[in-house]
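>>> Pasting the sequence and the predicted coordinates here, then a few questions.
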Amino acid sequence: MSTPVLRPLPAARRGTWTFLHGGARKTCHVYLMADVDATAMTRARAAGGNRAGYVAMLVKAASDVVAGYPEARALLQGGSLRPRLAVLDDVDVKVLFDKTVDGQRCVLAGTVRAAQDLTAEQVQEAVDTYKNAPVDDSGPFRQLLRVQRLPLPLARLAYRAALADPVRRAAVQGTFSVTSVGHEPVRAIFPMISGTLGFGIGRIAESPVVRDGRVDIAPLFTLSLAFDHRVIDGALASEVLARVKDRLENWGAP
């Protein structure tokens, strides 16, 4: 029997470790999912006038929907003895990116600020800022790098300090988050969240759908929604998910 090799947690993994131990594991996750017909989204991209990608389209659609629900814009603050809800005016969206740091594959996050006031193309520009940026001390991931270099106990303290103020918390964790596994043949992802809402995007695939009593083939993907049951209930979360689905399936409609 071989002896396992023990090694420290890679520095690139410290951000995820801090996220999970700093708040995500305390959230009371409930998951919903819906199949989305991406025909209108695909047509918009093929037309050439819309340079927004699928993630940017979701960020825009979901931020417009969430902006209309104060309960969905609420962040839970305080401990179990004195819980409070901070309702923010803007919808800041945390988007997850697959990056490699020092040879270690990891997930890093960027925030699209006040996404409800942006066009889908402007959302794409903000996403590209993070997507195309190197992970170094001068780019948009510099703050995350500083946290990764801290000893784990100090990283947790810094993370908790950032979450104590709701405005700073939204800047770090977003009003809601978006993560995608669409680059792989994976149907769905059910994200962990430290806020109230988190959306997950699966792979778009040609699938049979029933329209007006006949079977057609259309590009479908699974859209999942994780929500914190301490903040909102399933009825409201289902309504939010249904409205986001409707906006995506009718992309470009007046």
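Thanks, I have the structure now.

>>> Averaged pLDDT, stretch 142-154. What do you get?
For stretch 142-154, mean pLDDT is 79.

>>> And that stretch, end to end?
Stretch 142-154 has an end-to-end distance of 17 Å (criterion: CA to CA, to the nearest Å).

>>> Give the buried residues for stretch 244-254.
For stretch 244-254, the neighbour count (16 or more other CB atoms under 10 Å) marks 244-245, 247-249, 251 as buried. Any C-beta I mention is one placed from the backbone N, CA and C, and that applies to glycine too.

>>> can I get the CA coordinates of that stretch in CSV?
Taking Å, rounded to 0.1, in the frame of the first residue of the first chain, the C-alpha atoms of stretch 244-254 are listed here in CSV:
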residue,chain,number,x,y,z
VAL,A,244,-35.8,35.3,-16.0
LYS,A,245,-36.6,32.3,-18.2
ASP,A,246,-39.3,34.4,-20.0
ARG,A,247,-36.9,37.3,-20.7
LEU,A,248,-34.3,35.0,-22.1
GLU,A,249,-36.8,33.1,-24.3
ASN,A,250,-38.1,36.4,-25.6
TRP,A,251,-34.8,38.1,-26.0
GLY,A,252,-35.0,41.2,-28.1
ALA,A,253,-38.8,41.4,-27.9
PRO,A,254,-40.2,44.9,-27.1
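
>>> A56: what's it in contact with?
120-121, 123-124, 127 (CB atoms under 8 Å, 6 or more residues apart in numbering).

>>> Got a PyMOL select line for the buried ones in those?
Of the contacts of A56, the buried ones go into a single PyMOL selection, burial set by 16+ other CB under 10 Å:
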select buried, resi 120+123+124+127
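
>>> L85: which of the contacts of A56 is nearest?
For the contacts of A56, the minimum distance to L85 (CB to CB) is 26.4 Å, reached by V123.

>>> And the closest residue to the closest one other than its chain neighbours, how close does it get to L32?
Nearest residue to V123 in three dimensions, chain neighbours excluded: A56, at 4.4 Å (CB to CB, 6 or more residues apart in numbering). A56 sits 22 Å away from L32, going by CB to CB, to the nearest Å.
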